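Q: could you look at this predicted model? Sequence included:
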Amino acid sequence: MLLFPENIKELFARRKLVIATMHGKEQALAPLITEALGVEIVMPDVLNTDVFGTFTGEIERTLSPLDAAVMKCKTAMEQTGCDLAVANEGSFGPHPVIGFVSSDEELVVLMDAKYHLQIAARELSTDTNFNGKRCSSYNEVKIFADEVLFPSHGLILRKEKDSHSPIIKGITEWNVLEKEVDSFLQAYGEVFVETDMRAMYNPSRLKVIEKAASKLIIKIFSACPDCHAPGYDVVDYVSGLPCSNCGTPTRSTLAHIYKCSNCNFEEKKLFPYGKETEDPMYCDVCNP
Ligand SMILES: [Zn+2]
Ligand SMILES: [Zn+2]
């Protein structure tokens with residue numbers, strides 16, 4: 001078991017931290033992290049994060065977002081000799097609960113090889129332009145482009161959905177868009193146009209990454225009450241919040257379980273959402 005200083009900031013102050021990215025995400029990550037941790041930011045010279053999979057599918061993403069982010073951290077640490085790294089991984093698709101709207105889930109991970117820490121935070125947002133459409137005229141492309149915030153947000157063109165060649169990425173100018181769409185239409189009679197989700201082409205995504213990074217910082221500064229290790233957080237939930245009418249335990253959360261990964265200190269915090277009973281509407285006895 002490691003010993004940690006009572007002031008978490010002392011752990012990180014003046015150390016070098018590498019941001020494991022090559023897609024301009026440091027814009028969203030560096031200011032927050034520098035300010036909160038007092039670290040010196042290092043950027044890798046070359047970091048081919050595409051080997052862990054690309055959004056556009058040329059290299060299939062086989063790792064989970066967490067494993068991919070951890071691999072990026074490790075690779076960047078090896079390359080730069082830093083023992084501290086932050087990486088980000090984004091996932092886009094239909095919202096897991098709402099379904100019919102697109103969502104962007106950003107994961108941000110801090111790895112500390114010196115203190116054996118791995119702390120992760122996520123932000124799930126519907127503030128995303130993630131979309132794609134098959135078009136057979138430039139006019140159709142124009143309407144789509146307006147909807148997905150072009151040209152402040154970049155576009156990708158390909159022959160058809162999931163086809164990797166030809167593919168043109170990072171389009172950010174109307175005249176380039178028109179010229180490229182024309183050549184696709186002449187060659188294939190149609191074109192698949194989609195949003196470029198790489199962070200430097202997608203300001204909406206940068207904002208979600210920033211929110212995930214803020215959550216990560218809050219989590220880092222959440223210290224174990226016993227050994228002061230950073231990243232003390234909820235590891236489990238207990239359901240059974242009693243019904244306000246009949247007292248029967250409902251499926252709603254009664255308590256959060258916190259556990260320290262360094263010293264195994266465990267705590268059960270009751271009524272995490274500030275209410276001690278549940279509305280009979282959610283009770284299987286009162287409202288079957
Ligand atoms: Zn502890
Ligand atoms: Zn009830």
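A: Looks like it came in fine. Numbering: from 1, shown residues only. Ligands and ions are numbered 1, 2, ... in the order given.
Q: what is the one helix or strand residue 110 maps to packed up against?
A: Element membership for residue 110, per DSSP states H and E: strand 102-112. The helices and strands touching strand 102-112, judged by 3 or more CB pairs under 8 Å, 6 or more residues apart in numbering; DSSP states H and E, are helix 65-80, strand 84-94, strand 117-125, helix 203-220. Just so you know, the C-beta spots here come from the backbone N, C-alpha and C atoms, and that holds for glycine as well.
Q: for the helix or strand that the third one is followed by, C-alpha coordinates in PDB please.
A: Moving toward the C-terminus from strand 117-125, the first helix or strand encountered (DSSP H and E) is strand 132-135. Extracted as PDB, the C-alpha positions of strand 132-135 are listed here (Å, rounded to 0.1, in the frame of the first residue of the first chain):
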ATOM      1  CA  GLY A 132     -24.200  10.900 -42.200                       C
ATOM      2  CA  LYS A 133     -26.200  10.900 -45.400                       C
ATOM      3  CA  ARG A 134     -26.200   9.500 -48.900                       C
ATOM      4  CA  CYS A 135     -26.700  12.300 -51.400                       C
END
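Q: what helices and strands are in contact with strand 132-135?
A: Checking 3+ CB pairs under 8 Å, 6+ apart, strand 132-135 ends up next to helix 138-147, strand 191-195.
Q: just those: most buried one?
A: strand 191-195 (a mean of 24; mean count of other CB atoms under 10 Å).
Q: ok, which of the helices and strands packed on strand 102-112 comes nearest residue 285?
A: Judged by CB to CB, the one of the helices and strands packed on strand 102-112 that comes nearest to residue 285 is strand 117-125, at 32.5 Å.
Q: list the pairing partners of that closest one within its sheet, with orientation.
A: Counting by DSSP bridges, the strands paired with strand 117-125 are strand 102-112 (antiparallel).
Q: buried set for the strand it pairs with?
A: By neighbour count on 16 or more other CB atoms under 10 Å, the buried set for strand 102-112 is 102-112.
Q: low-confidence ranges in the chain?
A: Scanning the chain for pLDDT under 70 picks out 23, 48-59.
Q: can you name the farthest residue from the center of it?
A: Relative to the centre of the chain, and counting by CA atoms, centre = their mean, the farthest-placed residue is residue 246 at 41.2 Å.
Q: is it true that it touches residue 286?
A: Yes: counting by CB atoms under 8 Å, residue 246 touches residue 286, with 5.7 Å between them.
Q: and for the two, which residues touch both?
A: residue 280 (CB atoms under 8 Å, 6 or more residues apart in numbering).
Q: tell me, how many residues neighbour the residue in the stretch 1-150 of the chain that ligand 2 sits nearest to?
A: The minimum distance from the stretch 1-150 of the chain to ligand 2, using CB to the ion, falls at residue 97 (25.1 Å). Look at residue 97: counted by other CB atoms under 10 Å, it has 8 neighbours.
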